[in-house]
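Student: with the sequence up front, the predicted model follows.
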Amino acid sequence: MDRYIDSGSGSGSGSGSVAATVLVVLAVEAAVVLVVLTVAAAPEVLVVVEVNKVVVAVVLVAVVEAVVEAAPTALVEATAATTEVVVVVVVVVVVVVVVVVAVVVVVVAVFVVVVAAAAVAVAAAAAVVVVVVVVVVVVVVVVVVVVVVVVAVVVVVIIAQCSSSSSDCSSSSRSVVVVVVVVVVVVVKVVLVVVVVVVVVVVVVVVVVVVVVVVVTVVVVVVVVVVVTVIVEILNLEILDLYALVEWVSLIKTSENVGKKMSEFNIYFAGSIKGGRQDVDIYAQIIELLKPHGHIFTEFVGDKNYNGPTPADGRTDKDVHDTDIRYLKRSHCVVAEVTQTSMGVGYEIGRAVALEIPILCLFRPNGGKALSCMIRGAHDGSAVSVVDYSEVSEVPNILADFFKKIKK
Ligand SMILES: O=c1[nH]c(=O)n([C@H]2C[C@H](O)[C@@H](COP(=O)(O)O)O2)cc1CO
């Protein structure tokens, strides 16, 4: 009889250790859910706007570049109205892309929330199942113990009666005792086996489900974090700066760019702005002379009304710097008027040297300024050319020589 009581309590402690294992798994699960929710609330992940920006930028760059590349055939004969149509198409594409991206972002967000919710639900369900199983085991064990004790008491009473009065103890009474004991033993054994089997099956199922949910949740979290990290990194690329797109669209709209393939030959003209605007008229004349040679990104340097960004522009110094560096990277050459000393022009020349872009520096010795050794000394006749001139009338020939050399 004790044997069965022991095995009953043995199965109870077994389910306890399994329950402990499940609770550990649930703790891990809860930690994962916590990570999901934390990540979902993290600023980097709340980049709906940024994601829009990056995708819009990618598509817009492609669209605008395609439009610009197609310019010689598509726009040479175009009227201003056709140009407007191109701009409208670009705007429509932007709107469509924004809507599509918004939908995608919402779907991804909902997916993440659903996964997190499912993980929480599974964790809760698993906890309930474990509690129910433990309760069932405890109840069954208690019932079995009570039944065994009661039967033992009955048997002891009957045996006591048989010993005190052999007349009261008929053989049928003895048979009844034997049968009762055998039946109780069999019933207890069957019940315990069933309980153990049920507990093992339920716990195994719960553990498997929880492990699957944990794995899925971890995979989702890793994928989301990786994707978001990649997006955030891509956002740092200058090529995806929306300022460029706005500028490109306005360039397409500018009538003088209609029919001109911007990417054919891009020229970066550098001239002093904050360093002093004394030579701005000369810059304007040189820019006019440069126009037949290609597209000039920085025509504003020759605008005598321009003295740098103003608060009304809404552009920061960083915007100016980043836009110029982007222009520089897309330029096929740099032409710099270096007579008026300018930190910005010197910096641009240095960056252009690093980017291995051919540079022509124009200097007027009669301008009353001294040229830095770092510019004059950079002259090597190929990558960097420093050429002196006295009058703007000399510049066409200097430019012709320079472009002949770099375009061949
Ligand atoms: O508003 C600006 N926009 C701009 O493109 N630049 C670039 C172009 C010029 O070649 C160069 C002039 O530099 P600086 O302002 O230090 O003289 O810097 C400079 C400024 C003002 O610093």
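Tutor: Cool, got the structure. Numbers count the residues shown, from 1 in each chain.
Student: ramachandran coordinates for the residue in the chain that the ligand sits nearest to?
Tutor: The ligand sits closest to G344 of the chain, with a gap of 1.9 Å, by C-beta to the nearest ligand atom. (Glycine included, C-beta is placed from N, CA and C.) Main-chain torsions, G344, degrees, to the nearest 10: phi -60, psi -40.
Student: for this structure, which segments count as helices?
Tutor: 2-41, 48-69, 71-74, 80-164, 171-235, 242-253, 280-290, 317-329, 343-354, 373-376, 395-407 (DSSP state H).
Student: please verify my assumption that D324 contacts G308.
Tutor: No: counting by C-beta atoms under 8 Å, D324 does not reach G308; the two are 12.0 Å apart.
Student: so which of those two has more stuff around it?
Tutor: Counted by other C-beta atoms under 10 Å, D324 and G308 do not tie: D324 has more neighbours, with 18 against 12.
Student: on the pLDDT front, check the more buried one for me.
Tutor: D324 carries a pLDDT value of 93.
Student: how about the contacts made by the nearest residue to Y327 once chain neighbours are set aside?
Tutor: Distances taken as C-beta to C-beta, 6 or more residues apart in numbering put F297 closest to Y327, at 3.9 Å, once the chain neighbours are dropped. Applying C-beta atoms under 8 Å, 6 or more residues apart in numbering to F297 gives the contacts N266, I267, Y268, F269, Y327, R330, S331.
Student: go through those and flag which are in strands.
Tutor: Secondary structure from DSSP state E places N266, I267, Y268, F269 of the contacts of F297 in strands.
Student: and the two most separated of these?
Tutor: Using C-beta to C-beta, the two most remote members of the ones in strands among the contacts of F297 are N266 and F269, lying 10.6 Å apart.
Student: spit out the residues that contact those two alike.
Tutor: Contact criterion C-beta under 8 Å, 6+ apart; residues shared by N266 and F269: I296, F297.
Student: more neighbours, those two?
Tutor: Taking other C-beta under 10 Å, N266 and F269 do not tie; F269 has more neighbours (23 against 18).
Student: and the more buried one, how far is that from V384?
Tutor: Between F269 and V384 the computed distance is 16 Å (C-beta to C-beta, to the nearest Å).
Student: can you check V138 too?
Tutor: With C-beta to C-beta as the criterion, V138 and V384 are 88 Å apart.
Student: so which of these two has more stuff around it?
Tutor: Applying other C-beta under 10 Å to V138 and V384 shows that V384 carries more neighbours, namely 21 against 13.
Student: so the more buried one bridges to which residues?
Tutor: Taking DSSP bridges as the rule, V384 bridges to I359.
Student: so it sits right up against A354, yeah?
Tutor: No: taking C-beta under 8 Å as the definition, V384 is not a contact partner of A354, at 11.8 Å.
Student: count of residues packed around T323?
Tutor: As a burial measure, T323 scores 18 neighbours (other C-beta under 10 Å).
Student: check V200 too.
Tutor: 15.
Student: any idea how far it is from S331?
Tutor: 73 Å.
Student: over to V210?
Tutor: Between V210 and S331 the distance, using C-beta to C-beta, works out to 59 Å.
Student: try L355
Tutor: 9 Å.
Student: show me which of these two is the more surrounded one.
Tutor: Ranked by neighbour count (other C-beta under 10 Å), L355 and S331 place S331 first, with 24 against 13.
Student: contacts only, for the more buried one.
Tutor: N266, I267, Y268, F297, A352, I357.
Student: could I get the residues you listed as CSV with pLDDT and distance to V224?
Tutor: Listed next are those as CSV, based on pLDDT from 0 to 100; distance: C-beta to C-beta, whole Å:
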residue, pLDDT, distance to V224
N266, 90, 39
I267, 95, 44
Y268, 96, 41
F297, 91, 39
A352, 95, 41
I357, 94, 40
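Student: residues of the stretch 301-408 of the chain that sit close to the ligand?
Tutor: Residues of the stretch 301-408 of the chain that fall close to the ligand, judged by C-beta under 6 Å from any ligand atom: V301, G308, P309, V320, D324, S342, M343, G344, V345, E348.
Student: if we use 8 Å, what do you get?
Tutor: 301, 306-309, 317, 320-321, 323-324, 336, 340, 342-345, 347-348 (C-beta under 8 Å from any ligand atom).
Student: ok, of those, which come out buried?
Tutor: V301, V320, T323, D324, A336, Q340, S342, G344, V345, E348 (16 or more other C-beta atoms under 10 Å).
Student: sort the residues you listed by pLDDT and name the bottom one.
Tutor: Lowest pLDDT among these: T323, 89.
Student: in the stretch 1-150 of the chain, which segments are predicted with low confidence?
Tutor: 1-106, 109 (pLDDT under 70).
Student: near the ligand, which residues of this structure? Just list them.
Tutor: Residues of the chain lying near the ligand (C-beta under 8 Å from any ligand atom): 268-276, 298, 300-301, 306-309, 317, 320-321, 323-324, 336, 340, 342-345, 347-348.
Student: for V387, what are its contacts?
Tutor: Here V387 is in contact with L360, C361, L362, F363, I398, F402 (C-beta under 8 Å, 6+ apart).
Student: so what's the residue count around V194?
Tutor: Other residues close to V194 by other C-beta under 10 Å number 11.
Student: how about V204?
Tutor: Neighbours around V204, by other C-beta under 10 Å: 11.
Student: pick out the most distant pair among the contacts of F297.
Tutor: F269 and R330 (13.7 Å).
Student: tell me the bridge partners for the residue nearest to S331 when sequence neighbours are not counted.
Tutor: What sits nearest to S331 in space, not counting adjacent residues and going by C-beta to C-beta, 6+ apart, is Y268, at 3.9 Å. Y268 forms beta bridges with V334, as assigned by DSSP bridges.
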